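[1] Sequence unavailable; structure follows:
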Ligand code: H76
């Protein structure tokens, strides 16, 4: 009898909470289109790629943060704003745009060597200048001394190296006369609708004329004007997916009926992956909820420079090992890591970026198998570094970033996970001694380190009880 009453009260309780949830749920026309992660092959490829190269290149690459002899220690692609330069003066930079050292094939080779599987290029940044010969504005590369379709050359060169290409597109546009930051009258909306039409046409043009593009990375969508026109963001998502089934868009594109961004008013992520982590990463202990959706973090090498800035000594510049650790952390939480490069105004890649690319590439060559197709492993985070589970295998990689002075790496296995084998990725013949210390807890005895970059221990796991079970939890 008791059990029936229990079941009955459970049913009653869940019926009541369900009802309450439904009542609180807002009916949305422009909210999330689905929940959870996409399961199709295009998204699986995006996810398995894990490591990408961001490229910021535009007219801002010419002054490189310096205007009339004065250096502005602010993001170089924001120089127009930080140095208070008029739109007509800024726009006339296009007549100086002649990147004679631009070599798409060399850039793609560098990216390949670095180990990225995709590249995201700024087709148009906030300044409004287009790297492709758009039919919708003369403010594009075909009207510069250089004339060539830079976007096409990049897409072809990267695709030839087997690297996917994604397009960054800024909705915010400092050049277009119909762009508005807010809508305060019917006239404002009429004007802004002209802008939205323009941007929609450009996006359709990009998706159609560069049909291998896999993903659109939207930016500059945070103003009230967009929040009040959430319908447009869904229209764009739908149009791009109509042009190419499998197309991927970031959450930053989207606003819903109430102006809620990234996540709709019911808390569901919009678009196909979260793109809120910019120049910062989640906390590997506190923020594991990021693993519930696909996501990507984008990162600069200096503190806050995306476009080329002449003087990197003005801010902290990350080392290759710091960047590798960021890549490992991101992968361990089921995210993608997009590392930014800012080519010079003449099209060359600065020496610092080349060195960083080389160093990361050397590491990726030996250790990349833990990154590609890597995912959240469900193990408790330990101080020595990060766990990465390899999709479709029985392997869990331990990326050791901090060598413990004890010489011991602690491992706590999740329920029903049994370690059957361990070895160094760099030397599969070498297994480490492992000792069970408590229930589901183990010590791995580490080799003395000779390396100055993170190294990897591979665990082969199977379903089963983690330990011998001889240790009981204390009763307290
Ligand atoms: C603020 C801002 C923009 N978002 C980054 C991805 C860069 O494009 C930066 O200019």
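    Cool, the structure landed. Computed from a predicted model, the values in this text were never measured in an experiment.
[2] Around the ligand, pick out the residues from this protein.
    75, 77, 219, 278, 298, 306 (CB under 6 Å from any ligand atom). (Each C-beta comes from the backbone N, C-alpha and C, glycine too.)
[3] Return the residues in contact with the fourth one.
    Read it as residue 278. Contact analysis of residue 278 by CB atoms under 8 Å, 6 or more residues apart in numbering lists 297, 298.
[4] 7 Å instead?
    The contact partners of residue 278, by CB atoms under 7 Å, 6 or more residues apart in numbering, come to residue 298.
[5] next one: phi and psi at it?
    phi -120, psi 120 (degrees, to the nearest 10).
[6] Next: the fifth one.
    The main-chain torsion angles of residue 298 are listed as degrees, to the nearest 10 and equal phi -110, psi 140.
[7] distance of it from residue 194?
    30 Å (CB to CB, to the nearest Å).
[8] Looking only at neighbour counts, state which of the two leads.
    residue 298 (22 against 12; other CB atoms under 10 Å).
[9] looking at it, that one is touching residue 336, isn't it?
    No - using CB atoms under 7 Å, residue 298 makes no contact with residue 336, being 9.1 Å away.
[10] any idea how far residue 188 lies from residue 202?
    From residue 188 over to residue 202 the distance is 21 Å, taken as CB to CB.
[11] which one of the residues of the chain next to the ligand is nearest residue 160?
    Using CB to CB, residue 298 comes nearest to residue 160 of these, at 24.6 Å.
[12] Taking this structure, what residue is nearest to the ligand?
    Closest approach of the chain to the ligand (CB to the nearest ligand atom) occurs at residue 306, with a separation of 4.2 Å.
[13] burial count for that residue?
    27.
[14] repeat for residue 187
    9.
[15] wait, is it part of a helix?
    Yes - counting by DSSP: H, G, I helix; E, B strand; the rest coil, one finds residue 187 located in a helix.
[16] pLDDT for the residues of the chain next to the ligand - can I get that in CSV?
    Compiled in CSV, the residues of the chain next to the ligand are given as follows (pLDDT from 0 to 100):
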residue, pLDDT
75, 98
77, 98
219, 98
278, 98
298, 98
306, 98
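[17] TSV for those, including distance to residue 136?
    As requested, the residues of the chain next to the ligand are exported to TSV (distance: CB to CB, whole Å):
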residue	distance to residue 136
75	27
77	22
219	19
278	28
298	27
306	24
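[18] Strands along the stretch 1-150 of the chain, start to end?
    51-55, 66-67, 70-71, 118-124 (DSSP state E, counting those that start in this stretch).
[19] ok, back up a step: what about residue 188 and residue 202, which has more around it?
    Set residue 188 next to residue 202 and count neighbours by other CB under 10 Å: residue 202 wins out with 21 against 15.
[20] isn't that one right up against residue 132?
    No - assessed by CB under 7 Å, residue 202 is found out of contact with residue 132, at 9.1 Å.
[21] got the contact list for residue 90?
    80, 127.
[22] now it: how far from residue 127?
    As judged by CB to CB, residue 90 and residue 127 stand 7 Å apart.
[23] what do these two both touch?
    Counting by CB under 7 Å, 6+ apart, the residues touching both residue 90 and residue 127 are residue 80.
[24] For the chain, which segments count as helices?
    2-24, 41-49, 79-82, 87-91, 104-114, 150-160, 186-209, 224-227, 230-243, 320-332, 351-367 (DSSP state H).
[25] Closest to the centroid, which residue in this structure?
    Nearest to the mean C-alpha position of the chain, by CA atoms, centre = their mean, lies residue 296 at 2.6 Å.
[26] if we can go back for a sec, can you add mean pLDDT and distance to residue 252 and give the helices of the chain back as a markdown table?
    Shown next, in a markdown table, are the helices of the chain (pLDDT from 0 to 100; distance: least, CB to CB, whole Å):
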| stretch | mean pLDDT | distance to residue 252 |
| --- | --- | --- |
| helix 2-24 | 53 | 26 |
| helix 41-49 | 98 | 16 |
| helix 79-82 | 98 | 20 |
| helix 87-91 | 98 | 24 |
| helix 104-114 | 98 | 23 |
| helix 150-160 | 99 | 21 |
| helix 186-209 | 98 | 14 |
| helix 224-227 | 98 | 10 |
| helix 230-243 | 98 | 10 |
| helix 320-332 | 98 | 17 |
| helix 351-367 | 98 | 25 |
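[27] quick one: which of the ones you listed is nearest residue 282?
    So among the helices of the chain, helix 320-332 is nearest, using CB to CB, at 8.0 Å.
[28] pLDDT weak spots in the stretch 301-450 of the chain?
    Within the stretch 301-450 of the chain, not a single segment meets pLDDT under 70.
[29] Do a quick rundown of the strands in it.
    335-341, 374-375, 385-390, 395-400, 408-412, 417-424, 434-438, 441-445.
[30] got a list of what the closest residue to residue 396 other than its chain neighbours touches?
    Nearest residue to residue 396 in three dimensions, chain neighbours excluded: residue 459, at 4.4 Å (CB to CB, 6 or more residues apart in numbering). By CB under 7 Å, 6+ apart, the contact set of residue 459 is 395, 396, 398, 419, 422.
[31] Now rank the residues you listed by neighbours and give me the top one.
    Neighbour max across these (other CB under 10 Å) = residue 398, 26 neighbours.
[32] Would you check that it makes contact with residue 390?
    No - in this structure, residue 398 is not within contact of residue 390 by CB under 7 Å, at 12.0 Å.
[33] Against residue 109, how distant is residue 358?
    Distance of residue 358 to residue 109, given as CB to CB: 12 Å.
[34] try residue 202
    30 Å.
[35] Could you do residue 253 as well?
    Distance from residue 253 to residue 109, by CB to CB: 31 Å.
[36] Neighbour count for those two, which is higher?
    residue 253 (27 against 15).
[37] Not counting sequence-adjacent ones, nearest residue to the more buried one?
    residue 218 (3.7 Å).
[38] Next: residue 230.
    That would be residue 255: by CB to CB, 6+ apart, it lies 3.8 Å from residue 230.
[39] can you check residue 144 too?
    Nearest non-adjacent residue to residue 144, counting by CB to CB, 6+ apart: residue 97, 3.9 Å away.
[40] can you count the residues close to residue 317?
    Residue 317 has 15 neighbouring residues, counting by other CB under 10 Å.
[41] let me redo that: residue 287
    12.
[42] does residue 128 really touch residue 175, like I thought?
    Yes - in this structure, residue 128 is within contact of residue 175 by CB under 7 Å, at 2.8 Å.
[43] For residue 177, see how far away residue 314 is.
    From residue 314 to residue 177 the distance is 34 Å (CB to CB).
[44] Ok, residue 295 next?
    Residue 295 is 36 Å from residue 177, by CB to CB.
[45] between these two, which one's more packed in?
    residue 295 (22 against 10).
[46] hey, what's that one bridged with?
    Here residue 295 sits in beta bridges with residue 274, residue 335, as judged by DSSP bridges.
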